[in-house]
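Undergrad: Sequence first, predicted model second:
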Amino acid sequence: MGPLYDAVGLGMWTYSNAAFRVVTVGPRRFTVEPRTLIVVTHRRETDVPVIAPLVYFGARFWRNREHRMGFAARDDMFLPGFFAGFPEALPKTARRAFFHLGVGRFLPRVEVHPISSASVARAGELVRALPEAPLEKLLPADLADVFRVRSDELGLPAALYGSDVLRGEYADLLWRPVERNDGVGPDGFWERRAARAAADFRALVDVARERPLVVFPEGRPSPDGEIGPLRRGLSALVRRVRPQAFLLIALAYDPLVRGRTRIVASVRPGVEPPEDAETATLELLKRAMPLTSGQYVAHELVAGREATEAGLTDVLEAARSEERPVDPELIDPSRRRARLADALAAADRRPRELPYLAREYESARSV
């Protein structure tokens, strides 16, 4: 790990500070020893470029090359065409352009390591495993029908066999999840996948024993604002690695502001790993979620109540009494008043953000 790792770290810092206003609550400098699990809430797909610079600079990894952090990542990032299939709103022309682009071979060079599921795969993995087979053998019937509808809509050759759909126009469909319980796939596919998932887990344990490891125990960004649930596997990882400490990072995105979305990042190093890893870790992540003005305003408006300065002051004081992190600008009364006014104005412009923020507020306070 050398120049490429540093370039990625600096690139993520540049991106996150250009796209967001990032505020850190907690120590800006800290020590991260090997066998530390860096446990992070998963709110959006932009979480990695937000948290990576916080740890890269906070732990001085720019000079501590020996024990730099690794990342546990979804295994489909290693597949060709990831940037064509994964983003939901990507234009069709971009899907075609990115379909043959892959970054999988570069990821291990910056300490990104895959986590595979034994029971879920992307449709494209089953298709590539036996492209000469009929789609009905490879995919669930309803998904095969979606491919055929797409071919009719675009005037493409009929989607009958796997090889017919290995093209950019189908990239988003090739990223649809298929479960082992669906009862489709080439002979031996799921057995091989289970073996690979076990091997990936063993490799991840080896990495975590040698260096700090970033994990997102929720597995995917929250679709509705709820914090959790955590996927099974964290307990097994903790049991096998026996980490010295957790470094907890909780991100609160607040789009109810003027200009760029504000992110309040709560950083808590040196947390003792709990014995009941999954239940206790979920509670730790909920209590680490910072309070923002956007959360409060969304919660009140969704409940049909008026969001007031007195109400915001009350929830702020309650959070501080429980030693929960808060957006620093809420502490000063004049800045708190300005944040409230901005959030109320933004709520009228961005009503779709309200249910997510309200759910996040409630989820954090469920413990």
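TA: That came through, no problem. Residues are numbered from 1 along each chain as shown.
Undergrad: Pro27: how many residues sit nearby?
TA: The local packing of Pro27 (other C-beta atoms under 10 Å) involves 12 other residues. Placement of C-beta: from N, CA and C, glycine included.
Undergrad: how about the residue nearest to Ala194 when sequence neighbours are not counted, what does it touch?
TA: Closest residue to Ala194 apart from its sequence neighbours, by C-beta to C-beta, 6 or more residues apart in numbering: Ala118 at 4.0 Å. Counting by C-beta atoms under 8 Å, 6 or more residues apart in numbering, Ala118 touches 180, 190, 193-194, 197-198.
Undergrad: from those, which two are the most distant?
TA: Distance extremes for the contacts of Ala118: the farthest pair is Arg180 and Ala198 at 14.5 Å, using C-beta to C-beta.
Undergrad: neighbour-wise, which of those two wins?
TA: Applying other C-beta under 10 Å to Arg180 and Ala198 shows that Arg180 carries more neighbours, namely 17 against 12.
Undergrad: residues contacting that one?
TA: Residues near Arg180 by C-beta under 8 Å, 6+ apart: 118-120, 190, 193.
Undergrad: Swap in 7 Å and give it another go.
TA: Counting by C-beta atoms under 7 Å, 6 or more residues apart in numbering, Arg180 touches 119, 190.
Undergrad: What does the pLDDT read for it?
TA: Per-residue confidence (pLDDT) for Arg180: 96.
Undergrad: With the one 3 residues further on instead?
TA: Note on Gly183: pLDDT of 94.
Undergrad: now do Ala298
TA: Confidence at Ala298, expressed as pLDDT, is 98.
Undergrad: Tell me the spacing between the closest residue in space to Val127 that isn't next to it in sequence and Glu191.
TA: Closest residue to Val127 apart from its sequence neighbours, by C-beta to C-beta, 6+ apart: Gly162 at 4.1 Å. Separation of Gly162 from Glu191 (C-beta to C-beta, to the nearest Å): 19 Å.
Undergrad: ok, these two, which is more surrounded?
TA: A count of neighbours by other C-beta under 10 Å puts Gly162 above the other of Gly162 and Glu191, at 24 against 11.
Undergrad: give the contact list for Ser103.
TA: No Ser there; residue 103 is Val. Taking C-beta under 7 Å, 6+ apart as the test, what Val103 contacts is Phe82.
Undergrad: That one in helix, strand or coil?
TA: Classification of Val103 using DSSP: H, G, I helix; E, B strand; the rest coil returns coil.
Undergrad: quick one: pLDDT of it?
TA: On pLDDT, Val103 comes in at 84.
Undergrad: Ok, Ala265 next?
TA: Ala265 is assigned a pLDDT of 98 by the prediction.
Undergrad: Name the surrounding residues that touch the helix or strand hosting it.
TA: Per DSSP states H and E: Ala265 is located in strand 262-271. Here strand 262-271 makes contact (C-beta under 7 Å, 6+ apart) with 20-27, 30, 32, 50-51, 54, 58, 245-254, 284, 288-290, 292, 325, 327.
Undergrad: And those, which of them are buried?
TA: Applying 16 or more other C-beta atoms under 10 Å to the contacts of strand 262-271, the neighbour count classes 20, 22-26, 30, 32, 50-51, 54, 58, 245-254, 284, 288-290, 292, 325, 327 as buried.
Undergrad: In helices only, show me those.
TA: 50-51, 54, 58, 284, 288 (DSSP state H).
Undergrad: Adding distance to Arg335 and pLDDT, write those out as TSV.
TA: Listed next are those as TSV, based on distance: C-beta to C-beta, whole Å; pLDDT from 0 to 100:
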residue	distance to Arg335	pLDDT
Val50	22	96
Ile51	25	95
Leu54	23	94
Gly58	25	92
Leu284	28	97
Ala288	22	98
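Undergrad: Next, format the residues you listed as CSV and append distance to Gly102.
TA: Shown next, in CSV, are those (distance: C-beta to C-beta, whole Å):
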residue, distance to Gly102
Val50, 24
Ile51, 24
Leu54, 28
Gly58, 31
Leu284, 36
Ala288, 35
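Undergrad: Go through the residues you listed and say which is closest to Arg365.
TA: Ala288 (12.5 Å).
Undergrad: what ranges do the helices span in the stretch 251-367 of the chain?
TA: Assigned by DSSP state H, counting those that start in this stretch, the stretch 251-367 of the chain shows helices spanning 277-288, 293-302, 309-321, 333-349, 354-364.
Undergrad: Just the closest of the contacts of Ala118 to Glu309, please.
TA: Nearest member of the contacts of Ala118 to Glu309, counting by C-beta to C-beta, is Ala197, at 51.6 Å.
Undergrad: List the contacts of the closest one.
TA: By C-beta under 7 Å, 6+ apart, the neighbours of Ala197 are 116-118.
Undergrad: How much space separates it from Thr41?
TA: Distance of Ala197 to Thr41, computed by C-beta to C-beta: 24 Å.
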